[in-house]
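[1] missing the sequence, but the structure's below:
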């Protein structure tokens, strides 16, 4: 774990020089080269930060320039919003504040503060961890947001909260040392988080998307938004102060600096009809499923289910929307490995991807068994449980046609 002193060294001219220096690929040789130019503690910090920056670049969650220059700790990097999601959330926070100030509680390494500042608001960012505050201030300068941001180290539960405040809070979900979805394990605690909704004018709160809806049953009415990026549901955000409740799903894509978003609000009265499979299998984005908006999507797009509990939908044509993935069904077979393998061979399958629903499968092992160097087509096996039987739909992604 990097200390504040190590982070300060990394931000200094000698530290920056070592972070960008050419070093041997071998870790031991690299450490030896570093030790000739700095202390053991400083060399360890340089090696760790180079590792974190390399991981940040490989993740694709940040712009290359930002990933190459950011300061972070391992935990801060794990918990940070992606650059794209920070810009999306920041834009909404800036609109809530209408050019005024947003109080960013538990600011972490500063991504949401940067997004909010670049969205046009002034940001007062607070975190109890002085290392987070140091990293966030550095990252705000790196992101060109320093003129609209101030950073301070404080216990967010003890600071004065004006009644007209607009707040953003991203509580620590690793306070116990490992990722958790239980509100009881969050820091600050759930009681403080809940109180923010009634104590402030407006705000946004980031929670785990794996949090069950029942966990918020006794909270004030808020709008819940499940946000997805790259077909992974990344965030559950609570909105208050906008005068509406309900649930919606949002898929964020496109440019990191100016992301696009498409949303769908869940209609509790929508019920998808049940019918036989058709030529196109439509897979709702995980955010749509988490928000309970599958039936709403079906009604909007003229799709149907094949089972009441099955989230996959079917239609007569592909659906052009970031909210779904469309697959052209080539074959439907019983969910048995031997049967699936034979059907794939008949379809000249090359690389095969396995996507289960309602089943626990070793997808890596199955993909190796199903794929063939002799085949010419990239196919997908969508394998599910329907009532008491297993079915497999062998399909081609719409973008591959």
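    Noted; the coordinates are in hand. Predicted model, so just to flag it, every value in this text is computed and none were measured. Numbers count the residues shown, from 1 in each chain.
[2] so which residues make contact with stretch 110-121?
    Contact with stretch 110-121 is made by 80-83, 86-95, 97, 99-102, 104, 107, 123, 125, 132, 135-137, 139-140, 143-145, 147-149, 151, 166, 168, 170, 206, as judged by C-beta atoms under 8 Å, 6 or more residues apart in numbering. Yep, even glycine has a C-beta here, placed from its N, CA and C like the rest.
[3] which of the residues you listed are buried?
    80-83, 86-94, 97, 101-102, 104, 107, 123, 125, 132, 135-137, 139-140, 143, 145, 148-149, 151, 166, 168, 170, 206 (16 or more other C-beta atoms under 10 Å).
[4] just the ones of the contacts of stretch 110-121 in strands?
    Among the contacts of stretch 110-121, DSSP state E puts 101-102, 104, 123, 125, 149, 151, 166, 168, 206 in strands.
[5] and which of the residues you listed is nearest residue 65?
    Of all these, residue 149 has the smallest distance to residue 65: 18.4 Å, by C-beta to C-beta.
[6] counting contacts, what elements does the helix or strand where residue 288 lies pack onto?
    Following DSSP states H and E, one finds residue 288 within helix 286-290. The contact analysis (3 or more C-beta pairs under 8 Å, 6 or more residues apart in numbering; DSSP states H and E) places helix 286-290 against strand 223-229, strand 232-240, strand 246-253.
[7] could you dump those strands to a markdown table with mean neighbour count and distance to residue 297?
    Shown next, in a markdown table, are the helices and strands packed on helix 286-290 (neighbours: other C-beta atoms under 10 Å; distance: least, C-beta to C-beta, whole Å):
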| stretch | mean neighbour count | distance to residue 297 |
| --- | --- | --- |
| strand 223-229 | 23 | 13 |
| strand 232-240 | 21 | 15 |
| strand 246-253 | 22 | 9 |
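[8] now those in JSON lines, with mean pLDDT?
    Formatted as JSON lines, those follow (pLDDT from 0 to 100):
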{"stretch": "strand 223-229", "mean pLDDT": "97"}
{"stretch": "strand 232-240", "mean pLDDT": "96"}
{"stretch": "strand 246-253", "mean pLDDT": "97"}
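[9] so which of these comes closest to residue 158?
    strand 232-240 (21.9 Å).
[10] direction included, what does that closest one pair up with?
    Note on strand 232-240: by DSSP bridges, its sheet partners are strand 202-207 (antiparallel), strand 223-229 (antiparallel).
[11] centre of the chain to the last one, how far?
    Taking the mean C-alpha point of strand 223-229 and that of its whole chain, the gap between them comes to 10 Å (C-alpha atoms, centre = their mean, to the nearest Å).
[12] quick one: neighbours of the residue lying closest to residue 272 once chain neighbours are set aside, just the number.
    In space, and not counting its chain neighbours, residue 272 is closest to residue 298: 3.6 Å by C-beta to C-beta, 6 or more residues apart in numbering. Using other C-beta atoms under 10 Å, residue 298 is surrounded by 21 other residues.
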